[in-house]
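Visitor: From the sequence below, what's the structure:
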Amino acid sequence: MQSRAQHDLPTATDRERELADDTELSILRDVLKMLPTGVTVQDEHGRFLLVNDAAAAQLRIDGSDQRRETCLELLRSGRTSVAEECISSGTVKQVLLTTHRPVRIAGRNLLLSSSADISEQKAVEDQLFRSAYFDELTDLPSRRVIEHRANSLLQRDEMHSRFALAFLDIDNFKHINDYYGHVIGDALLVEVAKRLGLDLRESDMLSRISGDEFLLLLNPIQSEQEVAEYIDFILQRLRAPFFIDGSEIFASTSIGVSLYPEHGSSYDLLRQNADIAMYRVKNDGKGSAAFFDASMEREALARTKVEQSLRLAILEKRFCCAFQAKVDIRTQAIKGIEALVRLRDDEGVIQAPGTFINLAVELGLIDELTHLVLAEIVKSIDLINETFGPNTSISINVAAKQAGNPEFMRPFAQALEATGYPERFMIEVTEDAFVSKTHFQDEILPMFRQLGVGISIDDFGIGYSSLSALADITADEIKIDRSFITDIHKRPRSQGILRAIESLSEALGMTVIAEGIETFEELAYLQAATKIRYAQGFYFSRPIFLEELKPAIPVASEARASLASRPSQEARPAYARSNSYRR
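Guide: As a prediction, this is how the structure comes out:
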């Protein structure tokens, strides 16, 4: 029989059980210690009873004091909480998603907390938010943000509240972008945004809504005069040069302003009217500001009507070509012809390009229009040959915007090749296409050279280049703008400029053509005082519509010869005498 002392001794089974319990507890401690989620236990005084490694790393920054206050509050209320915690110290920032649960264990009120690090997830979310609501380049609020702010002001409908919307557009930004390159262009946008953002109140807002366009919300305002003074201050600030990557860049801005409630009761109307006012500034010379008024709305409606007519005309192919000869002023032989696009309006009246070309470029319709011109030439090639001769070159104008765009120029080159006679074509581009940093010289020009297509510099002398820029241009022909030719016999300074262009072009192997010859005196000066061989203008012929030429007699060599000796109206070729040809 066992004694009481022997009975109280632990058995082997008890020792094994205790050992097992100690092992499990050790495992649980190790597991808790290595959990990637931070786990803490705090008592009713906020003291930490348990902190695993993840929690220690998280709270080492500045989270201990924050957790202590949270613990006391939640234990008093007895509620569970799930919240984001932002913990930062200097440049180190963490975002934790923490669950706090009050529990009662061994008769004590404790707070059990677990935290997951969601810093990377929050960074992605913030990036997505900024992408949706802020401009990546300038870090300005996006279009939808300023629209929301304006609509919020409108919904308040506070008595006598007033604000202004200013629509800002950088003048000639495409030229700056092309000439200096897109990197400099982007840097300019950033610097413009910085200048526009100076001195804004917290209640104001500046937004980049697209490309080189900005929208400024000024709220509140007291009077139109107050806004006008501030806008004038902005204009003066933007006129100062920008120094970017070693370049000194001057950039003016056109600004249109609308006021609430005078110019509209909705954001869309206020923005539209500010846009209309800005376009008035563009049309009047750029670089200034204008407030919206009712007359601008009538102009905008008229512009919209022209725009819709242009789109319909392209859809219905209501375009035709007129042709103007390039004449040898020594022999009167025709060197080539220039195809000039014309629009037939709803009533069949011919419209000159000044009414629609710039709009077509602005609306992105010019590419289709250029292909229509080429199709018209191909359709009329037999009549062109009969009228002007089978060896004359045929010039087609290409806008500067098209010249630097490979997506247009490649298929256009293919269309020229498909005619079967690409060597007869001459592409006329303005000098901007050469001096700007576009794809034209390096990529597009060789493509046309391979086809045998000629290149002509149109309207030379009125763009942004200097005479020295001609040294880098590989063109076949240079057309001197008519502003240098008009009354050339009376203008010594223009005569000097003409001689300089003529000499340099001759040295570079480019044919010179004088544009806009309208009087015998202008022609006589060119013949007597220059070596220029070719000219173009109303003196020789107005643009000719081929369908009106069909009954006429083809140009004869005798008619050309007689023009050289007797430059009267009667001596001009039949194609030049028609009364029905329009400018």
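Visitor: low-scoring pLDDT stretches of the stretch 451-583 of the chain, where are they?
Guide: For the stretch 451-583 of the chain, the stretches flagged by pLDDT under 70 are 462-472, 548-583.
Visitor: mind checking pLDDT for the residue nearest the centre of the chain?
Guide: Central residue of the chain (Cα atoms, centre = their mean): residue 211, 3.9 Å from the mean position. Residue 211 carries a pLDDT score of 89 in this model.
Visitor: Could you do residue 10 as well?
Guide: Looking at residue 10, its pLDDT stands at 58.
Visitor: try the one 4 residues further on
Guide: At residue 14, the predicted lDDT confidence score is 64.
Visitor: Same question for residue 97.
Guide: On the pLDDT scale, residue 97 gets 89.
Visitor: Which helix or strand contains it?
Guide: Following DSSP states H and E, one finds residue 97 within strand 92-105.
Visitor: picking that back up, now do the phi/psi pair for the residue nearest to the centre of the chain.
Guide: When read as degrees, to the nearest 10, the backbone of residue 211 gives phi 40, psi -110.
Visitor: Can you tell me how far the closest residue to it other than its chain neighbours is from residue 409?
Guide: Computed as Cβ to Cβ, 6 or more residues apart in numbering, the closest residue to residue 211 that is not its neighbour in sequence is residue 173, at 7.4 Å. Bear in mind the C-beta positions are built from the backbone N, C-alpha and C, glycine included. To residue 409, residue 173 is 22 Å away according to Cβ to Cβ, to the nearest Å.
Visitor: of the two, who's got more company?
Guide: residue 409 (22 against 18; other Cβ atoms under 10 Å).
Visitor: Quick one: neighbours of the residue nearest to that one when sequence neighbours are not counted, just the number.
Guide: With Cβ to Cβ, 6+ apart as the criterion, residue 409 has its nearest non-adjacent residue at 4.7 Å, and that residue is residue 444. Using other Cβ under 10 Å, residue 444 is surrounded by 26 other residues.
Visitor: from what I can see residue 444 touches residue 408, true?
Guide: No: counting by Cβ atoms under 8 Å, residue 444 does not reach residue 408; the two are 9.5 Å apart.
Visitor: If you average the pLDDT over the host helix or strand of residue 301, what comes out?
Guide: Here residue 301 sits within helix 294-316, counting by DSSP H and E. The pLDDT scores in helix 294-316 average 80.
Visitor: Kindly report the same for stretch 372-389.
Guide: 91.
Visitor: Could you give me the buried positions within it?
Guide: 372-374, 376-377, 380-381, 384, 387-388 (16 or more other Cβ atoms under 10 Å).
Visitor: swap in stretch 273-289?
Guide: Across stretch 273-289, burial judged by 16+ other Cβ under 10 Å covers 273-281, 287-289.
Visitor: what's the span of stretch 425-444 from first residue to last?
Guide: Criterion Cα to Cα, to the nearest Å; first-to-last residue distance in stretch 425-444 is 15 Å.
Visitor: Three-state assignment for residue 327, please.
Guide: Recorded secondary structure, residue 327: strand (DSSP: H, G, I helix; E, B strand; the rest coil).
Visitor: Give the bridge partners for it, please.
Guide: With DSSP bridges as the criterion, residue 327 is bridged to residue 334, residue 535.
Visitor: residue contacts, it?
Guide: 333-335, 534-536, 540-541 (Cβ atoms under 8 Å, 6 or more residues apart in numbering).
Visitor: ok, of those residues, which one's closest to residue 323?
Guide: residue 541 (8.9 Å; Cβ to Cβ).
Visitor: Hmm, residue 324 and that closest one touching each other?
Guide: Yes: with contact defined as Cβ under 8 Å, residue 541 reaches residue 324; the gap is 6.2 Å.
Visitor: which residues are common contacts for those two?
Guide: With Cβ under 8 Å, 6+ apart applied, the contact sets of residue 541 and residue 324 do not overlap.
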